[in-house]
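Visitor: quick one, structure for this:
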Amino acid sequence: MDKPLKIPIQVSADRAEPMYHQIEVQLRGLILSGQLAEGTLLPSIREFASDLSCSVITIRRVYQDLENEGILRTRQGTGTFVAQVGEVRRERYRKEAVVEALRAAVRTGLDVQCTPEELRNLFEEALEQLLAEESGAKGEEQT
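Guide: A predicted model of the protein is given here:
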């Protein structure tokens, strides 16, 4: 039988966002981005709650919500697994995540009185900078 993974999720009781929501958003992201593959056995509710220092009720709610969405499935006596998630759904999630982040950045720019042209220029600069950083990091890995 498969051994459950340690799920790379970071939560903070200091954030305004409820703990269950922090966990749910991150777990959904790991699944829909393909970082957790179909059939991956997740930790038991108790084990996951212990790993994240939260209540069993919190993890139960996360698992139930994600099972209701169809991205987790639970087999009695076996555990909770990542369900099959189609490519269309993965692609939609990928684009929605980027659009959401871009909208937040644009909203911030508009709030501080940036013009549309300034926002376009800032986006281009940020994109170029990140691509340069990534290509530099990849070059360092190869040496």
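Visitor: mind naming the longest helix for the protein?
Guide: Ranked by residue count under DSSP state H, the longest helix found in the chain is helix 116-142.
Visitor: excluding its backbone neighbours, what's nearest the spatially most central residue of the chain?
Guide: Nearest to the mean C-alpha position of the chain, counting by C-alpha atoms, centre = their mean, stands residue 29 at 2.7 Å. Nearest residue to residue 29, sequence neighbours excluded (C-beta to C-beta, 6 or more residues apart in numbering): residue 97, at 7.2 Å. C-beta: built from backbone N, CA, C; applies to glycine.
Visitor: quick revisit: so which bits of the longest helix of the chain are buried?
Guide: Of all the residues in helix 116-142, those buried under the rule 16 or more other C-beta atoms under 10 Å are residue 119.
Visitor: what's residue 34 sitting at in phi/psi?
Guide: Backbone torsions of residue 34, given as degrees, to the nearest 10, read phi 90, psi 0.
Visitor: how many neighbouring residues does the nearest residue to it once chain neighbours are set aside have?
Guide: Spatially, and ignoring its direct neighbours in sequence, residue 34 is nearest to residue 90 (6.2 Å; C-beta to C-beta, 6+ apart). Using other C-beta atoms under 10 Å, residue 90 has 14 other residues around it.
Visitor: need the phi and psi values for residue 72.
Guide: For residue 72, the backbone dihedrals are phi -130, psi 160 (criterion: degrees, to the nearest 10).
Visitor: any idea which element the closest residue to it other than its chain neighbours lies in?
Guide: Excluding the flanking residues, the one nearest residue 72 by C-beta to C-beta, 6+ apart is residue 66, at 4.3 Å. Under the criterion of DSSP states H and E, residue 66 resides in helix 56-68.
Visitor: name the helices or strands packed onto that helix?
Guide: helix 19-32, helix 45-52, strand 72-75 (3 or more C-beta pairs under 8 Å, 6 or more residues apart in numbering; DSSP states H and E).
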